[in-house]
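J.: curious how this folds, go ahead:
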Amino acid sequence: MRDAYPDQPPAALAYDPGDAERPLIPRQRSGYHGAAVPANGTPGIGARFPGAGAPGAGAPGNLSRNRSPRAARARRRRPRRIMRLLLLTVCVLLVASGGTYVWADSGLNREVDLDKMADRAPRGKGTNYLIVGSDSREGLSEGDKKNLHTGVAAGSRTDSMILLHTGAHGTTMMSLPRDSWVTIPSFVRPETGRRYRAAGNKLNAAYSLGGPGLLVRTVEHNTGLHIDHYAEIGFAGFVGVVDAVGGVKMCVDRHIKDEKSGLDLTKGCHLLDGSKALAFVRQRHQEAEGDLGRNRNQQKFLAALAYKAAEPGVALNPFTAYPAMSAGLETLVVDKNTGLRDLTSLFEAMRGVSAGRGKQVRIPVASLGFKTAKGSAVKWNRPRA
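T.: Model (predicted):
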């Protein structure tokens, strides 16, 4: 072949003598780059200049025409690949979100049965939630108890109580001071089976004597409001949720230092982590109105927490949403009729209050130092209440 074509590169030609005008394509050997050879046997440009027919070099002939459709198809496929990747990502997120929803809903501790309680207040319009922060130390190590200044008391009591109402006229958050002097209705002590008659006592005693059920009955008996949903969270869960969402911004108008709760905040705005947030909502000795001042701080903080938890960067981010839900579920107790959707509505309502779409009120008080057989208590202004 070299003698017949002295000027040709060492390639075996696919030659068609019936078509003298059609360029020919050599079967390639090492060192040559796909040159087209005309029918008269004269080497093409790519044969004289290896690399001229390489992709992207703009070589003439069949090679360029053959590669162009492939390039065009590749360009058409690129947006499709991107779209498939986006759809796959969305599907993964939806499956993960759905799985997280099912996991969280099935993990709720629904140990409170409101339907079994007697002497309930009649249902009204809208929905009423009783939100309780208990001082349960469950889930806290001895080091945690020391760092959080929680003390070592066994059992649990109500540290805060908030009535949240949602309805046609908006959302209202109202705190119930734990030292409120109220009438606790007749009940049976679970541990002993002994029946007790209705009597005056502090509101938080209802929880200590008969748990969430008696607390709900006491609130209904003294307010006339029907409680539709009950939600309670302990110290560990509260701290975990605040830490999981990255802390909550809170502003104070003075320097607050409280040895009992461990709070030490200078005047101004601060990003409170879980431990500082717990100290903030628990301290009352530095408040001019004592328990009422603490109630105001609790409302303010819970509304800010709900607003932060609902931000897209938190709620839609599985790396923050999952830990927040996981932390909350550790010590969260709800009634049997409360699901994750109800808790979402509760959080959305509190978020609305923080955004100005609701009211924060406190129950009218006649005396902060009402003398009783159980010690100093908060006496409601009954006519106004």
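J.: for A355, see how far away R284 is.
T.: 27 Å (Cβ to Cβ, to the nearest Å). To be clear about C-beta, it is placed using only N, CA and C from the backbone, and glycine gets the same treatment.
J.: who has more neighbours out of these two?
T.: Set side by side, R284 and A355 show more neighbours around R284, with 20 against 12, by other Cβ atoms under 10 Å.
J.: which element is that one on?
T.: Using DSSP states H and E, R284 sits within no helix or strand.
J.: that one against Q298, yeah?
T.: No. Distance between R284 and Q298: 10.0 Å, which falls outside the contact criterion (Cβ atoms under 8 Å).
J.: tell me where the stretch 201-350 of the chain has strands.
T.: 229-233, 248-252, 256-258, 263-265, 268-272, 333-335 (DSSP state E, counting those that start in this stretch).
J.: wait, which of those strands is closest to A309?
T.: Closest to A309 of the strands of the stretch 201-350 of the chain, according to Cβ to Cβ: strand 248-252, at 9.0 Å.
J.: now do the buried residues in the closest one.
T.: V248, M250 (16 or more other Cβ atoms under 10 Å).
J.: try stretch 342-362
T.: So, applying 16+ other Cβ under 10 Å, buried residues of stretch 342-362: 342-343, 345-347, 349-354, 358, 360, 362.
J.: reformat the strands of the stretch 201-350 of the chain as TSV; add mean pLDDT and distance to I131.
T.: TSV is the format used below for those (pLDDT from 0 to 100; distance: least, Cβ to Cβ, whole Å):
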stretch	mean pLDDT	distance to I131
strand 229-233	90	5
strand 248-252	91	16
strand 256-258	88	23
strand 263-265	89	22
strand 268-272	94	19
strand 333-335	89	10
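J.: now distance to L209 too, for the ones you listed, in CSV please.
T.: CSV is the format used below for these (distance: least, Cβ to Cβ, whole Å):
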stretch, distance to L209
strand 229-233, 16
strand 248-252, 33
strand 256-258, 29
strand 263-265, 30
strand 268-272, 33
strand 333-335, 17
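J.: indicate which one of the ones you listed is closest to A279.
T.: strand 263-265 (3.8 Å).
J.: pairing partners for that closest one, with directions?
T.: strand 256-258 (antiparallel) (DSSP bridges).
J.: quick one: contacts of the partner strand?
T.: L263, D264, L265, A279, Q283, H285, Q286 (Cβ atoms under 8 Å, 6 or more residues apart in numbering).
J.: what's the most distant pair in those residues?
T.: Between any two of those (Cβ to Cβ), the greatest distance is 14.1 Å, for L265 and H285.
J.: ok, the two, which is more surrounded?
T.: L265 (21 against 12).
J.: P323 and T338: what is the separation?
T.: 22 Å.
J.: check G240 too.
T.: 20 Å.
J.: kindly report the same for R284.
T.: Using Cβ to Cβ, one obtains 29 Å as the distance from R284 to T338.
J.: and if you look at C269?
T.: Per Cβ to Cβ, C269 is found 34 Å from T338.
J.: which one's more surrounded, the two?
T.: T338 (21 against 10).
J.: lowest-confidence one in the buried residues of stretch 342-362?
T.: Among the buried residues of stretch 342-362, S354 carries the lowest pLDDT, at 73.
J.: skipping adjacent residues, who's closest to that one in space?
T.: Sequence neighbours aside, A303 is the residue nearest to S354 in space, at 3.7 Å (criterion: Cβ to Cβ, 6 or more residues apart in numbering).
J.: what about that neighbour, how many residues nearby?
T.: For A303, using other Cβ under 10 Å, the count is 22.
J.: for it, give me its contacts.
T.: Taking Cβ under 8 Å, 6+ apart as the test, what A303 contacts is M173, M350, R351, V353, S354, Q360.
J.: helices of this structure, start to end?
T.: 45-48, 62-106, 142-147, 203-223, 235-244, 274-282, 291-309, 312-315, 318-331, 340-354 (DSSP state H).
J.: give me the buried entries from the contacts of strand 256-258.
T.: For the contacts of strand 256-258, buried by 16+ other Cβ under 10 Å: L263, L265, A279, Q283, Q286.
J.: the second one touches F280, doesn't it?
T.: Yes. Distance between L265 and F280: 7.3 Å, which falls inside the contact criterion (Cβ under 8 Å).
J.: my read: A349 touches K359, true?
T.: No. Judged on Cβ under 8 Å, A349 makes no contact with K359 at a distance of 11.4 Å.
J.: hey, what's in contact with both of those two?
T.: With Cβ under 8 Å, 6+ apart as the test, A349 and K359 both reach T171.
J.: tell me, how many residues neighbour K257?
T.: There are 12 residues near K257, going by other Cβ under 10 Å.
J.: report the beta-bridge partners for it.
T.: Applying DSSP bridges, one finds that K257 bridges with D264.
J.: buried sites along stretch 196-207?
T.: Buried, per 16+ other Cβ under 10 Å, within stretch 196-207: N201, K202, L203, N204, A205, A206, Y207.
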